[in-house]
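Trainee: Give the three-dimensional model of this entry:
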Amino acid sequence: MFFKHQHTDAGSKARTGIISTAHGEIKTPIFMPVGTVASVKGVHQSELKEDVNAQIILGNTYHLYLRPGTSILEKAGGLHKFMNWDRPILTDSGGFQVYSLGAMRKLSEAGAKFKSHIDGSSHLFTPENVMDIQRKIGADIIMAFDECTPYPCDIEYATKSMHLTHRWLERCMARFKETEGIYGYEQNLFPIVQGSTYPELRKQSAEFIANQNAVGNAIGGLSVGEPIEDMYAMCDLVCDILPKDKPRYLMGVGTPANILECIALGVDMFDCVMPTRNARNGMLFTSQGIINIKNKKWEDDFSPIDPNGTSYVDTLYSKAYLRHLFVAKEYLAKQIATLHNLNFYLWLVTEARNQIENGTFSSWKNTMVKQVTNRL
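Mentor: Residues are numbered from 1 along each chain as shown. The predicted structure is shown next:
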């Protein structure tokens with residue numbers, strides 16, 4: 001894998017680039033739809049490619065490990081073949097899912113012992129076996145095993161957690177270097193910066209991660225309930241330290257406004273369940289603002305879902321029709337809404353790229369942030 005930096009915005013740290021992987025190129029900035037269990041909920045893989053134009057999707061190590069299991073994925077020839085997806089895939093390490101289990105998990109130097117949310121069975125994730133699991137899944141980009149700190153947490157806990165993540169990283173990298181991909185193509189390991197919302201910890205962690213000389217780097221432990229100003233401040237600080245010639249991935253972020261602001265801070269890659277999860281509940285993100293399509297005000301609005309939309313669903317279906325489908329509890333409602341939201345997110349990062357190349361990103365971003373946060 002390699003990253004070619006192309007343009008930098010004159011008024012911010014926003015930049016464009018190309019990440020080359022065994023399964024294709026990724027033009028940055030990019031948003032990755034979340035395909036937790038080898039499926040982006042409610043969307044066919046053909047739609048992801050042809051309408052959404054997703055260049056890369058994300059799979060979840062924790063969920064894929066539990067179901068269908070690595071033995072099935074190995075028999076299938078890896079996740080790409082199993083789900084019939086020939087473009088790049090990134091897998092997270094499972095650290096966030098283990099964190100979210102709360103009382104059902106216990107951390108130690110060895111790793112994280114947890115109980116399955118499916119059947120209550122006990123399992124252990126270690127830095128070493130998380131590398132092995134992701135080798136078997138076969139993603140192009142895999143993540144180091146880390147602890148995601150809760151918010152709020154005191155500085156003592158955040159410090160201990162950060163150092164644990166760093167020690168785990170060293171074990172991840174050692175295991176990664178002594179193993180090879182099993183499907184005949186290269187995999188790439190990204191370490192993760194932690195440190196909660198403490199600037200001194202984030203600085204220390206970013207410097208430690210930068211010194212590992214990995215092919216790319218991730219920023220974790222944000223968008224977990226902290227004030228938005230803290231998220232931006234930590235992101236800004238870390239992006240100034242992480243290498244400029246490597247892609248930067250902000251994990252689990254976020255709203256359209258979050259993405260635009262963090263692009264301006266120098267982030268290249270994003271993922272979040274928000275466009276798909278909110279779509280299934282009737283919340284639509286559009287170029288003009290946020291729509292709750294279940295509201296009665298859309299009952300007789302026969303205008304397109306997004307008049308400026310580029311997805312075929314925006315031209316085929318009206319707000320009134322989509323509202324009717326939600327009220328009638330038709331499955332098609334969630335499918336149309338999901339396609340719309342994903343298409344909007346991919347349009348947003350693609351347009352950000354165009355604006356950076358044209359030297360107009362900063363003014364465009366300031367206008368768009370106001371528009372996309374407007375409640376219609």
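Trainee: What is the neighbour count of residue 84?
Mentor: Residues within reach of residue 84, counting by other CB atoms under 10 Å, total 10. (Glycine included, C-beta is placed from N, CA and C.)
Trainee: Please apply the same query to the one 4 residues further on.
Mentor: For residue 88, the count of nearby residues is 26 (other CB under 10 Å).
Trainee: Residue 170 too?
Mentor: Based on other CB under 10 Å, the number of other residues close to residue 170 is 14.
Trainee: Now for it, which secondary structure element holds it?
Mentor: Following DSSP states H and E, one finds residue 170 within helix 155-177.
Trainee: Remind me what that helix packs against, helices and strands.
Mentor: Secondary-structure packing of helix 155-177 (3 or more CB pairs under 8 Å, 6 or more residues apart in numbering; DSSP states H and E): helix 127-137, strand 188-190, helix 199-210.
Trainee: Can you report phi and psi for residue 296?
Mentor: phi -60, psi -20 (degrees, to the nearest 10).
Trainee: Show the contacting residues for residue 329.
Mentor: By CB atoms under 8 Å, 6 or more residues apart in numbering, the contact set of residue 329 is empty.
Trainee: Show the model's pLDDT score for it.
Mentor: Reading off the confidence values, residue 329 has pLDDT 98.
Trainee: ok, now residue 95?
Mentor: Value for residue 95, per-residue pLDDT: 77.
Trainee: which SS state does the residue of the chain positioned farthest from its centre fall under?
Mentor: Distance from the C-alpha centroid of the chain peaks at residue 300, with 35.8 Å (CA atoms, centre = their mean). Put simply, residue 300 is coil when judged by DSSP: H, G, I helix; E, B strand; the rest coil.
Trainee: That one contacts residue 318, correct?
Mentor: No: between residue 300 and residue 318 there is no contact under CB atoms under 8 Å: 9.5 Å.
Trainee: ok, back up a step: measure the residue farthest from the centre of the chain to residue 32 for me?
Mentor: 37 Å (CB to CB, to the nearest Å).
Trainee: give me phi/psi at the residue farthest from the centre of the chain?
Mentor: phi -120, psi 30.
Trainee: Leaving out the residues flanking it, which one is nearest to it?
Mentor: residue 320 (5.7 Å; CB to CB, 6 or more residues apart in numbering).
Trainee: Next, the residue nearest the centre of the chain: phi, psi?
Mentor: Geometric centre of the chain, nearest residue: residue 271, 1.7 Å, by CA atoms, centre = their mean. With angles defined as degrees, to the nearest 10, residue 271 sits at phi -150, psi 150.
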